[in-house]
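In: Predicted model, plus sequence, below.
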Amino acid sequence: MNITFLIGNGFDLNLGLKTSYHNFLDYYYLKDMDDDNENIKYFKKIIREERDNGIDTWADAEISLGRVTGKFDDVDKFLECFEDFSIKLQEYLLLEQNKIDFNIYEENVLHNFDTISRNLYTLFDENYQPTFEEFFKNKSKNFTFINLNYTNSIEEYLELNNSNAKIIDVHNSLSEHIIIGLSNESQIENKEFLNDETFKQFILKSSCDEYFNKAKYSLARSYIYDSDLIILYGTSLGESDMHWWKYICNWLDRYDKKLIIYNFGIPPKTFKFNRHKKETQKKNEFLEFCPSDVNKQSIKKKIYCIENNIFEEIKDIFKESNDCNINNEKSNISNVS
């Protein structure tokens, strides 16, 4: 049985790392503030306005970049700002990534992965356990992790477990040119910029993947195609990654497979009808990305939204060390020239 995880920023947040868009912007606004030229100051002003208007996830932020192009009439000026934004993001995430040391919490990590690899269904919600116990019965498991993050936290987690799981960093790692941008041309407000080859190659994610000749997108799609079960963990169902959601929709439509979406944020002791409502909302949110020629009602029956945290055993394992460093970080950031 082939099981594929798509891992989003929720994995790092679950660990206790400060990798949210808000966390980064607090750093970005102050970083090199005195040395910013007028162009970058203008860009930061726009980004701040976008944030004030409710942009609070990475998926929202990438779509926001598409809108921001409409505020510029010179593609080179926008690319200068985009490069500065990307470089500062890479710097910030490296600071967070360097806090990771799973060896400190080896017992938690090993036990968590052992449960996942042997009895994954026991981590699902109670009402789904019988379904998936039968689904997994007498079947060996092959794991693939498609990492939508830039950090190496999932690699470190699997390495400690001596796992043979395959890992694909589809947006590249922090040791490479990170891929941040949009899913398609319709998300770019300034259509004139699409006439610039450099802009297209670095703002459109699939084009950037092709430019660096990584072929990670096609490799990831091949593993999705061969999957029996896909689990979305910590991912925002945003438009900037809609190509993945559309591909999974087609996969579900053509084959008798299953999709699990981790539905974070349902409070404890919630009545079942409220849980059902939240589950239906999440399913419908995903189905919005389905192509028009697929059978949505058929797909819907193959989607399961779980509330139990698969990685609960490693939740907040770095929070304590992060909290200890908050004052030092703020001091360092505010003193950067």
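Out: Yep, that arrived. Numbers count the residues shown, from 1 in each chain.

In: what about Y247, how many neighbours?
Out: As a burial measure, Y247 scores 17 neighbours (other C-beta atoms under 10 Å). Backbone N, C-alpha and C define where each C-beta goes, glycine included.

In: Do me a favour and average the pLDDT over the helix or strand encompassing Y92.
Out: Y92 belongs to helix 75-97 when assigned by DSSP states H and E. Averaged over helix 75-97, pLDDT sits at 96.

In: how about that helix: buried residues?
Out: Going by neighbour count (16 or more other C-beta atoms under 10 Å), the buried part of helix 75-97 is 75, 77-82, 84-86, 88-90, 92-93, 96-97.

In: Give me the next element, helix or strand, following it.
Out: helix 106-119.

In: In the helix or strand just after that next one, which of the residues would be classed as buried?
Out: Moving toward the C-terminus from helix 106-119, the next helix or strand (DSSP H and E) is helix 129-136. Applying a neighbour-count criterion of 16+ other C-beta under 10 Å, one finds F132, F136 buried in helix 129-136.

In: Can you give the strand pairings for the following helix or strand past helix 129-136, parallel or anti for each?
Out: Per DSSP H and E, the first helix or strand lying C-terminal to helix 129-136 is strand 142-147. Its sheet considered, strand 142-147 pairs with strand 2-7 (parallel), strand 166-169 (parallel) by DSSP bridges.

In: buried residues in the first one?
Out: In this case it means strand 2-7. So strand 2-7, judged by 16+ other C-beta under 10 Å, has buried residues N2, I3, T4, F5, L6, I7.

In: again with stretch 212-221
Out: Neighbour-count burial for stretch 212-221, counted by 16+ other C-beta under 10 Å, picks out K214, K216, Y217, L219, A220, R221.

In: got it, and stretch 310-321?
Out: I310, F311, E313, I314, I317, F318.

In: just stretch 29-48 next, same as before
Out: Y29, L30, K31, D36, N39, I40, F43, K44, I46, I47.

In: go on, stretch 148-160?
Out: Buried residues in stretch 148-160 (16+ other C-beta under 10 Å): L148, N149, Y150, T151, N152, S153, I154, E155, E156, Y157, L158, L160.

In: just stretch 237-255 next, same as before
Out: Buried-residue list, stretch 237-255, by 16+ other C-beta under 10 Å: 237-245, 247-253.

In: Give me the subset of those lying in helices.
Out: Residues of those located in helices (DSSP state H): M242, H243, W244, W245, Y247, I248, C249, N250, W251, L252, D253.

In: Can you give me the distance of F202 to F143?
Out: F202 is 32 Å from F143, where distance means C-beta to C-beta, to the nearest Å.

In: do D226 as well
Out: D226 is 12 Å from F143, by C-beta to C-beta.

In: Hmm, T19 is touching L93, no?
Out: Yes: using C-beta atoms under 8 Å as the test, T19 is close enough to L93 to be in contact (6.5 Å).

In: hey, what's in contact with both of the two?
Out: Counting by C-beta atoms under 8 Å, 6 or more residues apart in numbering, the residues touching both T19 and L93 are T151.

In: all strands for the stretch 151-300 of the chain, in order.
Out: For the stretch 151-300 of the chain, strands defined by DSSP state E, counting those that start in this stretch occupy the ranges 166-169, 229-233, 258-262.

In: Find the one among those with the highest mean neighbour count.
Out: strand 229-233 (a mean of 23; mean count of other C-beta atoms under 10 Å).

In: That strand versus helix 106-119: what angle between them?
Out: Here the directions of strand 229-233 and helix 106-119 differ by 150 degrees (axes from the mean of the first three to the mean of the last three C-alpha atoms, to 10 degrees).

In: still on that earlier bit, okay, the strands paired with strand 142-147 in TSV with mean pLDDT and distance to K257 next?
Out: What follows is these, written out as TSV (pLDDT from 0 to 100; distance: least, C-beta to C-beta, whole Å):
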stretch	mean pLDDT	distance to K257
strand 2-7	98	10
strand 166-169	96	18
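
In: Switch those over to a markdown table; also include distance to N108.
Out: What follows is the strands paired with strand 142-147, written out as a markdown table (distance: least, C-beta to C-beta, whole Å):
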| stretch | distance to N108 |
| --- | --- |
| strand 2-7 | 18 |
| strand 166-169 | 20 |
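
In: Which one of those lies nearest to F132?
Out: Checking the strands paired with strand 142-147 against F132 by C-beta to C-beta gives strand 2-7 as the closest, at 10.8 Å.

In: what's the helix or strand that the closest one is followed by packed up against?
Out: The helix or strand immediately downstream of strand 2-7 is helix 10-15, counting by DSSP H and E. Other helices and strands packing on helix 10-15, by 3 or more C-beta pairs under 8 Å, 6 or more residues apart in numbering; DSSP states H and E, are helix 153-160.
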